[in-house]
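Trainee: Here you go, sequence then predicted model.
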Amino acid sequence: MRTFIIAALAAILVTPAVAQDKMQLRIGTEGAYPPFNYFNSANELIGFDVDIAKALCEKMNAECTFVAQDWDGIIPALRANKYDAIIASMSITPERQEVVDFTNKYYNTPPAIAVPKDSDIAEATPEALADIIMGAQSSTTHANYAAAKFPDTELRRYGSPDEYKLDLASGRIDAAIDDIVVLSDWLATPDGDGCKILTTLKPDPEINGPGAGIAVRKGEGELVAKFNDAIEAIRADGTYKEINDKYFAFDVYGD
């Protein structure tokens, strides 16, 4: 009996020390970008980004919590220590690298343009898209791409993808630009049934970067290295493919 009590006390004393050894990470994400990160009917954060984040945390032996943040303020909130990393389909771009550090990519899919099914627009050239209204989420590489590549297009910037989708479906704008996966996912729903993909677009490395990465505060090289090791590990052991296949019919990691 005495031995049992001593062993139980020892377990109680050891448990907090073990818990303290686990890295604590707060993950920032948007929660409004399906199928990558969004809230379900139970108000739970789900999506590809969220599942990838959970898998990476498991590989890193980290206890992770999620913080939802509007896209326009997502980098300022990271820098203000609201969370420790952003896993929210954020493209690695030179402009962003001036204020945050990035891991290697964890996926890379091209941008695309969607239009109504009865649209007269036949191609995605500056001439064909001149004098139309195109919607894009503000503070994104897609908005930057449209502004740079289609200078005669009226660009309407929105706070969230849901807003431009509503305007495109109702005919208030003529086209929208976003990630091919995001647009395709929406087109498969009743709300997007009246629209179609016009074309995918060739990414511009200076605008789109090499893909989506995990952003951390400047100078946190050790955390970047841990995330990179974890990305490599889930790619190698099949975890990435399992998550990928849950959402997509093709490998979103890219070349």
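Mentor: Looks like it arrived, so ask away. Residues are numbered from 1 along each chain as shown.

Trainee: pLDDT below threshold where in the protein?
Mentor: In the predicted model, the chain carries pLDDT under 70 at residues 1-20.

Trainee: What segments of it are helices?
Mentor: For the chain, the helices defined by DSSP state H cover 2-21, 48-59, 74-79, 94-97, 141-149, 161-169, 180-187, 205-208, 221-236, 239-247.

Trainee: So for residue 196, which of those helices sits nearest?
Mentor: Of all the helices of the chain, helix 180-187 sits nearest to residue 196, with 6.7 Å by Cβ to Cβ. For glycine as for every other residue, the C-beta is placed from the backbone atoms N, C-alpha and C.

Trainee: which helices and strands does that closest one pack with?
Mentor: Helix 180-187 sits against strand 111-116, helix 161-169, strand 195-200, with contacts defined as 3 or more Cβ pairs under 8 Å, 6 or more residues apart in numbering; DSSP states H and E.

Trainee: now for the longest one, which elements pack on it?
Mentor: Going back to what we said before, that points to helix 161-169. Using 3+ Cβ pairs under 8 Å, 6+ apart, helix 161-169 is in contact with strand 32-33, strand 111-116, strand 133-137, strand 154-158, strand 175-179, helix 180-187.

Trainee: hmm, try it at 10 Å
Mentor: strand 32-33, strand 111-116, strand 133-137, strand 154-158, strand 175-179, helix 180-187, strand 195-200 (3 or more Cβ pairs under 10 Å, 6 or more residues apart in numbering; DSSP states H and E).

Trainee: any idea which of these is most buried?
Mentor: Most buried of the helices and strands packed on helix 161-169, by mean neighbour count (mean count of other Cβ atoms under 10 Å): strand 175-179, with a mean of 26.

Trainee: count of residues packed around residue 207?
Mentor: For residue 207, the neighbour count with other Cβ atoms under 10 Å is 20.

Trainee: From residue 146, how far out is residue 133?
Mentor: Distance of residue 133 to residue 146, computed by Cβ to Cβ, to the nearest Å: 11 Å.

Trainee: Need the overlap of contacts for those two.
Mentor: The contact sets of residue 133 and residue 146 overlap at 153-156, 175-176 (Cβ atoms under 10 Å, 6 or more residues apart in numbering).

Trainee: At the geometric centre of this protein, which residue sits there?
Mentor: Residue closest to the mean C-alpha point of the chain, counted by Cα atoms, centre = their mean, is residue 89 at 1.7 Å.

Trainee: Pull the contacting residues for it.
Mentor: Applying Cβ under 10 Å, 6+ apart to residue 89 gives the contacts 29-30, 33, 36-37, 47-49, 71, 106-107, 109, 140, 179, 181-182, 211-213.

Trainee: same thing but 7 Å
Mentor: Residues in contact with residue 89 (Cβ atoms under 7 Å, 6 or more residues apart in numbering) are 33, 36-37, 49, 212.

Trainee: Quick one: closest of the helices and strands packed on helix 180-187 to residue 250.
Mentor: Among these, strand 195-200 comes nearest to residue 250, with 12.5 Å by Cβ to Cβ.

Trainee: what's around the residue lying closest to residue 99 once chain neighbours are set aside, how many residues?
Mentor: Nearest non-adjacent residue to residue 99, counting by Cβ to Cβ, 6 or more residues apart in numbering: residue 75, 6.3 Å away. Other residues near residue 75 come to 19 when the count uses other Cβ under 10 Å.

Trainee: Likewise for residue 205?
Mentor: 9.

Trainee: quick one on the thing from earlier: just send the helices and strands packed on helix 180-187 back as a markdown table, with distance to residue 41 too.
Mentor: As requested, the helices and strands packed on helix 180-187 are exported to a markdown table (distance: least, Cβ to Cβ, whole Å):
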| stretch | distance to residue 41 |
| --- | --- |
| strand 111-116 | 25 |
| helix 161-169 | 15 |
| strand 195-200 | 24 |
